[in-house]
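Undergrad: give the three-dimensional model of this entry:
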Amino acid sequence: MLDYHESPCPERPVALMLWLHGLGADGYDLEPAADMLASRNVRHVFPHAPVRPVTINRGMSMRAWFDIAAPDLRWQEDGDGMLVSARQVIELAQALRGESGLPVVLAGFSQGAVISLAAAALGVPGLVGVAALSGYLPQCVLPSLQGLRGLHLFMAHGRQDEVVPHALGKAGCEALEGGGLRVCWHEYAMPHTICQQEIVDLSNWLDSVLAGV
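TA: Numbering: from 1, shown residues only. Have a look, this model is predicted:
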């Protein structure tokens, strides 16, 4: 099972939120974002991706949810690697949820956003929402879009993103909407990062999701 870090929950938790980091980072990378959310009664868990060679980085080994072959992120997409990581996230969510029955929210940045969507499509027990930040919808998820039906979906992207092009993120949103799904879409004047307004919007979205469970 995936290793993970967990931040203390100051109140009795009403939900479990898993945060999936980007390429070359680790679970600690998204803890500051979680700390800035207004909700204080959420159990925040930060899994660490396995260490693996990454082709685009000259085969160097680093934490990565899947391999990337080229700057064109859709070229030779590592669908098998994505699905393996998605299943690992599902396994961890199921184990952490245990007997508590807490509703689950997935949030991911960049590579983590891709895996959040993939895991949700495969089916995460108790899942109520997915937040995909500066990511994109992988091709391996397209046959399973109906697995996302009924979930609250939040997607956000920077218009100046130099790593995951804004157009790629927006295309994923449009594909989901074309499949009859509702997406809360936000975009910002920023590069490949997370901005303060994004945290505010994510916090408001999370509050609305948890208010309905």
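Undergrad: what mean pLDDT does the longest helix seen in the chain have?
TA: Among the elements of the chain assigned as helix by DSSP state H, the one spanning the most residues is helix 79-97. Here helix 79-97 scores 97 as its mean pLDDT.
Undergrad: and stretch 116-126, by the same measure?
TA: 97.
Undergrad: which elements pack onto the longest helix of the chain?
TA: Helix 79-97 sits against strand 15-20, strand 42-47, strand 104-109, helix 111-122, with contacts defined as 3 or more C-beta pairs under 8 Å, 6 or more residues apart in numbering; DSSP states H and E. Every C-beta, even on glycine, is put in place using the N, C-alpha and C of the backbone.
Undergrad: can we see that at 10 Å?
TA: Helices and strands in packing contact with helix 79-97 are listed as strand 4-6, strand 15-20, strand 42-47, strand 104-109, helix 111-122, strand 127-133; criterion 3 or more C-beta pairs under 10 Å, 6 or more residues apart in numbering; DSSP states H and E.
Undergrad: how about the ones you listed, which one is nearest Glu198?
TA: Taking C-beta to C-beta, strand 127-133 is the member of the helices and strands packed on helix 79-97 nearest to Glu198, at 7.0 Å.
Undergrad: distance between the closest one and the chain's centre?
TA: Centroid separation between strand 127-133 and its chain, computed with C-alpha atoms, centre = their mean, to the nearest Å, is 6 Å.
Undergrad: which parts of that strand are buried?
TA: Applying a neighbour-count criterion of 16 or more other C-beta atoms under 10 Å, one finds Leu127, Val128, Gly129, Val130, Ala131, Ala132, Leu133 buried in strand 127-133.
Undergrad: how far away is the last one from Val183?
TA: So that's Leu133. Note on Leu133: its distance to Val183, by C-beta to C-beta, to the nearest Å, is 13 Å.
Undergrad: need the overlap of contacts for these two.
TA: Common neighbours of Leu133 and Val183 are listed as Phe154, Met155 (criterion: C-beta atoms under 10 Å, 6 or more residues apart in numbering).
Undergrad: how many other residues sit next to Pro125?
TA: Around Pro125 there are 10 other residues, counting by other C-beta atoms under 10 Å.
Undergrad: quick one: residues contacting the most far-flung residue of the chain relative to its centre.
TA: In the chain, the residue that sits farthest from the middle, by C-alpha atoms, centre = their mean, is Arg58; the gap is 25.4 Å. With contact set as C-beta under 10 Å, 6+ apart, Arg58 has no partners.
Undergrad: same check, this time on His157
TA: His157 is in contact with 113, 132-136, 164-170, 172-173, 185-188, 190, 192, 198, counting by C-beta under 10 Å, 6+ apart.
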